[in-house]
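Novice: I would like the atomic coordinates for the input below:
(one chain, ligands or ions: 1)
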Amino acid sequence: MPLRQPRDSTIAVVGAGFGPLFVYATAAYLGFAPEEVTIYGPSPSPVGTYQQFAYNLGQTVLRSESESHFLPADWPTFAQLDAWSRKSPAPLYRSVTRKYNPGVPEILSEAGVVARRLNWDGSRVPRRVGWLQRDDGPPAHFVLYDEDAKLIGRAKHVMLALGHGPLQFPPALARAKADDPEIDERIVQAYAPKAYHPAGRYIVIGSGIASINEWANALDAGAKVVALRRSEAPDEQDLNVPRCLFEALGIDVFQGLSFDERVAFLGKVLRGTSPKRRSWQERVEHGRAEGRFEEVIGEIDQVERGPAGLRVHIMSRKGEDPGWVDVTGVVAGTGFVKSALALPLLRRLVEFYDIPVADGRIKLKVNCGVPGLDRPDSRLCMMGLTANSVIPHGDTIAGLKYIGRRFVGDCYRADPPKPRRFPGRLSMQISLAHDSAKAIRRVRRTEQLA
Ligand SMILES: Cc1cc2nc3c(=O)[nH]c(=O)nc-3n(C[C@H](O)[C@H](O)[C@H](O)COP(=O)(O)OP(=O)(O)OC[C@H]3O[C@@H](n4cnc5c(N)ncnc54)[C@H](O)[C@@H]3O)c2cc1C
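Specialist: Model (predicted):
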């Protein structure tokens, strides 16, 4: 049962997704009692937001690897846990060759076990946070209000884990959707619910992982696909950023750059992921051979109703325009609005506290602290996509874990709880791993795609 009353806690996390689960599990592992940590957010499950997107996309395996899991300590890795659960060495072989990607149902089962066993929901206030007030104390702390300006708690340290902004569409499509409800229905995001008609023809915009998923989904349904992208496909890369940036040394080097240098660097390395997956390639090749898959380079600049549902005009910046195309619908794999200002709570904080922002990114300190509000004895930090100017893979399971652990470590030093000693931590980790293995065993094994 979530909490009904406001409460004072040492640590508060705003948001109720993957990120807060890492903060909560790490805090429990180090010795913070459940009442010392409060989660604020409407989602009754830490996997709810991600699960909905993954379902809409038809994602079956993570693009990240074995380190991406939810136990408080690193060992066992997910491949080891999977191998143990199914009594099969296959996940270990794959992991050694970097060809192991945890299955979505398996990873969500593990997250569910960790949340249930540590009673994550029992520390949750089921409200969205609308405002945060810095109070210099002593002791320094934050006061949290909901979106109706009602007091919902106070905390010494706060982590903002708000997830993504709204989904975004290219301007011509956004305009057409706003102007005509019939057109609106036929233009959807890859992350939104959708169904393909077997006799339909669909434009799928983009060449990242979401778009490739949709090529496969549409071809599987029997439909035709026009894969539209602005330029040549991104280089093959299974993760959001080069692998070296996932590791401590790479992160240290990245953090040694100035904010502007970091943003410029991210502009170069962050790209949509277009991994080569065996089954996707087969499906696309098959579709191409049947005349159901074609690739076009260009951008949609006009949309109107047409005999098949939509008529769209595609222009090219490089050569002759591909021209008008009749299609049943358009799927945009264009992702989320990346500006931090698209999140109402952040926009209010930026405006009221005059927090520096550049290029839609809050100029976070290298410890992910919010400038002007964060201090060692009362931290205010951000994690997830909004922290990727400091931790380039901030919006991955590995990145959330990295930021969450360091934040809890700082809270531990500022306000030490009665520590959980090594034997207690070990038994907690083993017992959570044991229950996760049992839960994974009950899930049908997900096919690996690499
Ligand atoms: C389709 C998809 C596939 C992905 N695949 C992978 C992968 O394979 N590997 C990988 O490592 N990562 C992957 N990711 C990235 C990453 O793991 C997720 O984005 C992760 O869910 C981010 O967690 P989060 O806690 O930051 O935000 P979310 O899980 O998005 O949760 C944000 C939560 O905050 C709440 N919230 C927002 N504002 C407020 C407020 N003001 N007050 C209270 N609550 C608020 C929301 O309601 C929501 O519950 C994927 C993401 C998506 C969308």
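Novice: could you list every residue that touches M383?
Specialist: Residues in contact with M383, defined by C-beta atoms under 8 Å, 6 or more residues apart in numbering, are G19, V23, M159, L160, A161, C368, G394, G399, L400, I403, G404, F407. (C-beta placed from N, C-alpha, C; glycine too.)
Novice: got TSV for the residues you listed, with distance to E106, secondary structure and pLDDT too?
Specialist: What follows is the contacts of M383, written out as TSV (distance: C-beta to C-beta, whole Å; DSSP: H, G, I helix; E, B strand; the rest coil; pLDDT from 0 to 100):
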residue	distance to E106	secondary structure	pLDDT
G19	20	helix	96
V23	23	helix	98
M159	27	strand	98
L160	29	strand	98
A161	23	coil	98
C368	29	coil	95
G394	24	coil	86
G399	20	helix	92
L400	18	helix	95
I403	24	helix	96
G404	21	helix	97
F407	27	helix	98
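Novice: Check the residues you listed one by one and keep those near the ligand.
Specialist: Applying C-beta under 6 Å from any ligand atom to these, one finds that G19, A161, L400 fall near the ligand.
Novice: Against G323, how distant is the residue lying closest to A414 once chain neighbours are set aside?
Specialist: Leaving aside its chain neighbours, A414 sits nearest to D377 (5.3 Å; criterion: C-beta to C-beta, 6 or more residues apart in numbering). Distance, D377 to G323, by C-beta to C-beta, to the nearest Å: 63 Å.
Novice: who's more crowded, these two?
Specialist: Of the pair D377 and G323, D377 is the one with more neighbours under other C-beta atoms under 10 Å, namely 15 against 11.
Novice: my guess is the residue nearest to A414 contacts T10, does it?
Specialist: No - the criterion here is C-beta atoms under 8 Å, and D377 misses it with T10 at 11.6 Å.
Novice: filter the ones next to the ligand among the contacts of M383 to the buried ones?
Specialist: Buried members of the ones next to the ligand among the contacts of M383, counted by 16 or more other C-beta atoms under 10 Å: G19, A161, L400.
Novice: hang on, the earlier thing: H141 versus the residue nearest to A414, what's the distance?
Specialist: Counting by C-beta to C-beta, the separation of D377 from H141 is 9 Å.
Novice: shared neighbours, those two?
Specialist: Common neighbours of D377 and H141 (C-beta under 8 Å, 6+ apart) are K156.
Novice: how about V325, secondary structure?
Specialist: strand (DSSP: H, G, I helix; E, B strand; the rest coil).
Novice: ok, for it, nearest residue in space, not its chain neighbours?
Specialist: The shortest distance from V325 to any non-neighbouring residue, by C-beta to C-beta, 6+ apart, is to V312 (5.6 Å).
Novice: May I ask which two of the contacts of M383 are separated the most?
Specialist: Using C-beta to C-beta, the two most remote members of the contacts of M383 are L160 and G399, lying 14.8 Å apart.
Novice: Which residues are in contact with the residue nearest to A414?
Specialist: Counting by C-beta under 8 Å, 6+ apart, D377 makes contact with P139, A140, K156, A414.
Novice: The third one contacts E36, doesn't it?
Specialist: Pointing back at K156 there. No - using C-beta under 8 Å, K156 makes no contact with E36, being 9.4 Å away.
Novice: anything in contact with each of the two?
Specialist: With contacts taken as C-beta under 8 Å, 6+ apart, K156 and E36 have S9, T10, I11 as neighbours in common.
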